[in-house]
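A.B. asks: With the sequence up front, the predicted model follows.
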2 protein chains.
Amino acid sequence: MNQQQQRTAEGILFTDQYQLTMAQLYFRAGMAEQPAQFEYFYRRNPDYGGHQAGYGVNAGLAWLLDWMSAAHFCDEDIAYLRDQRHSTGARIFHDDFLHWLRTDGNFDGISLRAVPEGRVVHPNVPLAVIRGPLAMAQILETSLLNHLNYQTLIATKAARIREAGRGRPILEFGLRRGPERGVNAGARAALIGGADFTSNVGISHVLGYPPKGTHAHSMIQAFMALGEGELGAFRAYAELYPDDCLLLVDTIDTLASGVPNAITVFEELRREGYRPAGIRLDSGDLAHLSIQAARMMNDAGFNETAIVLSNELDEQTIWQILTQIEDEASLYGVDADALIGRLVYGVGTRLITSHGQPALDGVYKLVSIEQGEGWTPAMKISESPAKTLNPGNKRVWRIYDRRNKAQADVLSLEHEDPRQWQQVRLHHPSEPNKRRTLNAAEISAIEPLLVDVLVDGREVYDQPSIEAMRAARQADVERLDAGVKRMVNPHIYHVSLTEGLWELKQELIRSAREDASG
Amino acid sequence: MNQQQQRTAEGILFTDQYQLTMAQLYFRAGMAEQPAQFEYFYRRNPDYGGHQAGYGVNAGLAWLLDWMSAAHFCDEDIAYLRDQRHSTGARIFHDDFLHWLRTDGNFDGISLRAVPEGRVVHPNVPLAVIRGPLAMAQILETSLLNHLNYQTLIATKAARIREAGRGRPILEFGLRRGPERGVNAGARAALIGGADFTSNVGISHVLGYPPKGTHAHSMIQAFMALGEGELGAFRAYAELYPDDCLLLVDTIDTLASGVPNAITVFEELRREGYRPAGIRLDSGDLAHLSIQAARMMNDAGFNETAIVLSNELDEQTIWQILTQIEDEASLYGVDADALIGRLVYGVGTRLITSHGQPALDGVYKLVSIEQGEGWTPAMKISESPAKTLNPGNKRVWRIYDRRNKAQADVLSLEHEDPRQWQQVRLHHPSEPNKRRTLNAAEISAIEPLLVDVLVDGREVYDQPSIEAMRAARQADVERLDAGVKRMVNPHIYHVSLTEGLWELKQELIRSAREDASG
């Protein structure tokens, strides 16, 4: 795809065909500018097969806003739509609609409230609420889902990997096996969710982060083919990068060649007054090799030099490596905690693709439409009660208990403010008999989760830095109960409805059933 | 990411930091312009967990070429690199190297041979061979892997889904849950691999395909909220799109409301002389519902109207749906083959994310380097014999038997031409005792698989159209043995070495082992 094609394919036409055919229908039915409200939410935390997330980390909003501010129908887009034809040869899009699209086909009328990036989030909670003219709010659906689903998916995976690594540095290495240009969004989301750095130079530049890296096997191979050995390659690298000398030790034989050669070079650096950065292990039994490498480096007096692990790492493999180190290190006279405290994780494929669950099931649902003087809630019933819509215009709250742990996210009607209540009665979203009551005395705070981002297309939001998003994630994770953070079979965090919203939902279910049978 | 940032992040800096630090090392060591040869290949066909691919479909080359032709170091990139610092504050990149990058940091010196897009491909076969100055060939690695891995992954998945669907139309719907901007590459690869159309408007425009779509639940919801029912929504849609009226029937109740209302509208269309396009089922038991819907439509005389299935489809669910239809249709007086012959598949998340295996394990390995008068093969030994490199400059051949079925892909030394031989002796790449001999009489053709694409940065290749790639894929799939195409536990297609290449490999393994122990 050349750059002209890229502008076309990533502009306003970055949407599904049916959004445009529906928009034309709304236009023809006089509904195109009818104010409507949609919500974005996901239904289930990622389940990676054998282990699953107890929470998500929200990401992607800033890049969605960038897309929205640039997207509009230009003459070329309109000409393309004018040429589209049905199988019969009839034109699909008519001139009146195309004229409307050319003049009004932008997001200037859209208002948006959203949960800030970096916040911990949960299923069925609206993460973005979109209000605006029905046709353009409909056209927005696809790109909004695309931007928010993928970054939230990757930020969530990164947070798990960070937890598994017990706070040691995580380096994002996924560019080469990730999904084409989408990797840049993935690297950003990884930083928000828990990675500390990325190897990706371009996105590091854009986000103001220093990119990180070591060297590849090919460097050793090139020196070997030219008649120099691994030691020669290490020496050349150390001479050029004495300040950050990190050597990949598994090209020939990790323990017989790589680690001894690295130690030789590190000793030379030490004599010149430099502090070697570390070694990288990229194959084999990483737990066992890291113990043996640590032992050899300790013997040479490099007790704190970092050991970077890479090769198909994710939260489960890191967990397993640390468990094995705790079992095995003392057999070789290595202190397990000290070793774990010098590890660094290079995480590639399994982070950038969210291995085990490569998509978030986020959806964008019409919840209400304005007519006459007020808003009419919209309904969507499903055979599965859990998939029946929570209808109408709402607010979203997070309740913290006296320990300052998050206890529940609550969806309320738009005019409700649980902060004013003596008791908060919480309903399960679909099971009639599951309810509980929290007294004000049990509650330390009730926080509204949605912030104003766009008002009639105008940005009213001070976008936080990546650092601020990382801090928000860290603070939110600390306010989760340990059970919710469990790697396997986590405790289900409560997402509840107020009584008022529960009653509205039941009434709309009854009325839809009557319509269908009548 | 705004457009300026996108240019930065998707240009020449779309690479890993270590490529640049290695390039500087090569530059300092006087090796930056030393001619080197790298190969791109993958090691294993995607394994989706419980079922696996018996072959791959090659894709991504054209977009890699577009990236290469635009990528170069501009002043802003150089300024950014100049500012990069080690943790000690020392600069990482020095002026002499940056000056070289600014003037020579492009792909003008690169030659590239590759397997054409759309071709069926197999593990360990070089799909792209890169020859050029060591430093720039090294910097190319990351982006080349990124472009080729993802599209080949998705084309491979699409080919499986097409086989499962027995040639009925496949519509790609993955934009909303796919990996951000990477979805456009995924949609292209899906078309090459087996999808017939995509819902993605922008990429359809760029590739010259008509985008396809129906409508969403939200359209029905909007009409319902405004006091009109599903029937009203269907009528409005049919009035505007009588030529291609395809109705989504599961918003309220598929069999009690959606299908009867669709039939009502189809009858109205028929009276006006139109031919209804079909219905779409997006939830529930798709096999059972499609049988019941077919029965109801048959009773109304719509025996050929299409039934589009969607909702988390992939090759396995389609296979299961067809099996269930074959078991169950006759119980309801529906002809299973006739029903299967009117099905269309809308495939979203599980295609665009290659569900079950979200990354291809493609690698880029240095195979030789030129010094003095000739090329020295480069070696990389692994503890796993299957991962030990096939070294040196090579050619790639596909051998067809008398039935015109592909029997093996063969890697030979560069000067070897098996077409001249009376017998082709084939060695397993890593197991010494696995070998076989094919006589010329058993062979109908020996085809060289690599074509010249770039010669010293100049494109010498007539890029095929997407249609030509699709035709190549179709022809190649037809020339595979049925066992290789099996959905589960496929027969292993042979990828072999000539005796000459086998001997070279053994010699380099011996010599590397001697170096390591000496």
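C.D. replies: Yes, it's here. Since the model is a prediction, treat every value here as computed from it, not as a measurement.
A.B. asks: all strands for the stretch 301-450 of chain A, in order.
C.D. replies: Assigned by DSSP state E, counting those that start in this stretch, the strands in the stretch 301-450 of chain A fall at A:306-310, A:343-347, A:363-371, A:374-377, A:394-401, A:406-413, A:423-427, A:435-439, A:443-448.
A.B. asks: Output stretch A:135-154 as PDB, nothing but the C-alphas.
C.D. replies: Provided in PDB are the C-alpha atoms of stretch A:135-154 (Å, rounded to 0.1, in the frame of the first residue of the first chain):
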ATOM      1  CA  ALA A 135     -26.000   8.600  11.000                       C
ATOM      2  CA  MET A 136     -22.500   9.800  11.900                       C
ATOM      3  CA  ALA A 137     -22.600   8.000  15.300                       C
ATOM      4  CA  GLN A 138     -23.400   4.800  13.300                       C
ATOM      5  CA  ILE A 139     -20.500   5.400  10.800                       C
ATOM      6  CA  LEU A 140     -18.200   5.900  13.800                       C
ATOM      7  CA  GLU A 141     -18.900   2.400  15.200                       C
ATOM      8  CA  THR A 142     -16.400   0.400  13.300                       C
ATOM      9  CA  SER A 143     -13.300   2.600  13.800                       C
ATOM     10  CA  LEU A 144     -14.200   3.200  17.400                       C
ATOM     11  CA  LEU A 145     -14.300  -0.500  18.000                       C
ATOM     12  CA  ASN A 146     -11.200  -1.100  16.100                       C
ATOM     13  CA  HIS A 147      -9.200   1.500  18.000                       C
ATOM     14  CA  LEU A 148     -10.500   0.700  21.500                       C
ATOM     15  CA  ASN A 149     -10.700  -3.100  21.300                       C
ATOM     16  CA  TYR A 150      -7.200  -3.800  20.300                       C
ATOM     17  CA  GLN A 151      -5.400  -1.400  22.600                       C
ATOM     18  CA  THR A 152      -7.500  -2.400  25.600                       C
ATOM     19  CA  LEU A 153      -6.700  -6.100  24.800                       C
ATOM     20  CA  ILE A 154      -3.000  -5.500  24.700                       C
END
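A.B. asks: where do the helices sit along the stretch 401-518 of chain A?
C.D. replies: In the stretch 401-518 of chain A, the helices defined using DSSP state H, counting those that start in this stretch lie at A:466-478, A:482-485, A:499-517.
A.B. asks: between the strands of the stretch 301-450 of chain A, which one is nearest to B:Thr437?
C.D. replies: Of all the strands of the stretch 301-450 of chain A, it is strand A:306-310 that lies closest to B:Thr437, at 41.9 Å by CB to CB. Yep, even glycine has a C-beta here, placed from its N, CA and C like the rest.
A.B. asks: which residues touch the closest one?
C.D. replies: For strand A:306-310, the surrounding residues in contact (CB atoms under 8 Å, 6 or more residues apart in numbering or on different chains) are A:171, A:173, A:214, A:246, A:277-282, A:286, A:290, A:293-294, A:297, A:321, A:339, A:342-348.
A.B. asks: Next: stretch A:438-454.
C.D. replies: With contact meaning CB under 8 Å, 6+ apart, stretch A:438-454 is reached by A:61, A:65, A:68, A:107, A:110-116, A:119, A:125-126, A:129, A:395-404, A:407-409, A:418-419, A:421-424, A:426, A:459-461.
A.B. asks: before we move on, back to that, for A:Ile252, find the nearest of the strands of the stretch 301-450 of chain A.
C.D. replies: strand A:306-310 (17.4 Å).
A.B. asks: quick one: strands adjacent to that closest one?
C.D. replies: Applying DSSP bridges, strand A:306-310 is found paired with strand A:278-281 (parallel), strand A:343-347 (parallel).
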